[in-house]
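Asker: Give me a 3D structure for the following:
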Amino acid sequence: MSNLNIDILNQNIQTLMEQEGLTQQQLAEKIDMSQPNFSRAFNNKGGQRFTLEQICKIADHFQVSVDFLLGFEKPTNKLSEKEICTLFTSLLEQRKLVKFDISREEEIYTPYKTFDGYPDCNTEKKHIQYNGFLFPSYFDIGPTDRYTEDQLDDFQSDILYGGNSDESNKRINAFFDRYFQIYDMYLHNQITKEFFHEIVDKFLADLS
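Answerer: This next block holds a predicted model:
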C-alpha cells in the first residue's frame with residue numbers, strides 16, 4: 001500500500017470517526033484492537049499499519065466499502081446515523097414533521113449454523129411497530145400549554161387572516177408525489193439509475 005493510500009485511509013477513518021462522534025479508543029474496541037495498537041497503526045509509528053482484516057472491520061463498522069476507505073471510490077451523500085437523527089429532531093421541533101405510529105409486516109431472517117456447521121436461517125413474518133413521519137400540509141401548533149397567551153392570540157389571528165395552510169410543506173409533498181412515481185419505475189428497472197437521478201435533480205431544481 002503506497003504512502004498516499006495510507007494518508008487517504010487515515011483521513012477517511014478520521015472523518016468517519018468525527019461524523020459518528022467516536023474516539024480512537026471506542027473504534028479500537030469495536031474492531032477488537034487495543035487503543036495503543038490502533039494509535040500506532042493510525043499514525044504509522046514504527047512502520048505499523050492496519051492489516052487488511054482490520055481495514056475490513058473498520059469499513060464494516062461504518063458501512064462503507066474498503067475501496068472508499070482507500071480512496072478508490074468517490075464518497076456518497078450517505079448520512080451518518082447522527083446526521084439523520086439530528087435532521088429529523090430539528091424538523092420535529094420546527095413542527096415541519098409530525099410523528100405517527102405505524103405497523104409494518106417485516107420478514108425476519110435469523111441466521112444459525114446447522115449441526116454440521118453449515119449456515120442457515122429461520123424466517124418469520126411479524127408486525128413491527130414504528131414511528132412514522134409526515135409533512136403536514138396544514139399547520140398544527142400541537143399542545144397549547146407550551147405557549148403564552150400572546151402567542152396563542154397571534155396564532156389565532158394568523159388563522160383568521162390566512163388560514164393554516166403550510167405552503168412549504170405542500171411543495172415538499174408535491175415533490176415526493178412526483179419522486180415516488182419515478183422511484184417506483186427505477187425500482188422495477190424501467191429507467192436507468194442515471195436517468196432516475198437526472199429527473200430527480202430537475203425536481204429538486206424546481207424547489208430552489
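Asker: remind me, longest helix of this protein?
Answerer: The longest helix of the chain (DSSP state H) is helix 167-187.
Asker: after that helix, next one along is what?
Answerer: Along the chain past helix 167-187, the next helix or strand (assigned with DSSP states H and E) turns out to be helix 193-207.
Asker: Could you check how many residues crowd around the residue lying closest to K113 once chain neighbours are set aside?
Answerer: The spatially closest residue to K113, leaving aside those adjacent along the chain, is P119, at 5.8 Å (Cβ to Cβ, 6 or more residues apart in numbering). Placement of C-beta: from N, CA and C, glycine included. Residue crowding around P119 was assessed by other Cβ atoms under 10 Å; the count is 8.
Asker: I'd say P119 and Y109 touch.
Answerer: No - taking contacts as Cβ atoms under 8 Å, P119 lies outside contact range of Y109: 11.1 Å.
Asker: hmm, back to that, how about the CA coordinates for the longest helix of the chain, as PDB?
Answerer: As requested, C-alpha coordinates have been extracted for helix 167-187 and formatted as PDB (Å, rounded to 0.1, in the frame of the first residue of the first chain):
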ATOM      1  CA  GLU A 167     -47.300  26.200   1.500                       C
ATOM      2  CA  SER A 168     -43.700  25.000   2.100                       C
ATOM      3  CA  ASN A 169     -44.800  21.500   3.200                       C
ATOM      4  CA  LYS A 170     -47.300  21.400   0.300                       C
ATOM      5  CA  ARG A 171     -44.400  21.900  -2.100                       C
ATOM      6  CA  ILE A 172     -42.400  19.200  -0.300                       C
ATOM      7  CA  ASN A 173     -45.400  16.800  -0.600                       C
ATOM      8  CA  ALA A 174     -45.800  17.600  -4.300                       C
ATOM      9  CA  PHE A 175     -42.100  16.800  -4.700                       C
ATOM     10  CA  PHE A 176     -42.400  13.400  -3.100                       C
ATOM     11  CA  ASP A 177     -45.600  12.600  -5.000                       C
ATOM     12  CA  ARG A 178     -43.500  13.000  -8.200                       C
ATOM     13  CA  TYR A 179     -40.400  11.500  -6.700                       C
ATOM     14  CA  PHE A 180     -42.100   8.200  -5.700                       C
ATOM     15  CA  GLN A 181     -43.600   7.800  -9.100                       C
ATOM     16  CA  ILE A 182     -40.100   7.900 -10.700                       C
ATOM     17  CA  TYR A 183     -38.600   5.900  -7.800                       C
ATOM     18  CA  ASP A 184     -41.100   3.100  -8.400                       C
ATOM     19  CA  MET A 185     -40.100   3.000 -12.100                       C
ATOM     20  CA  TYR A 186     -36.400   2.900 -11.100                       C
ATOM     21  CA  LEU A 187     -37.000   0.000  -8.600                       C
END
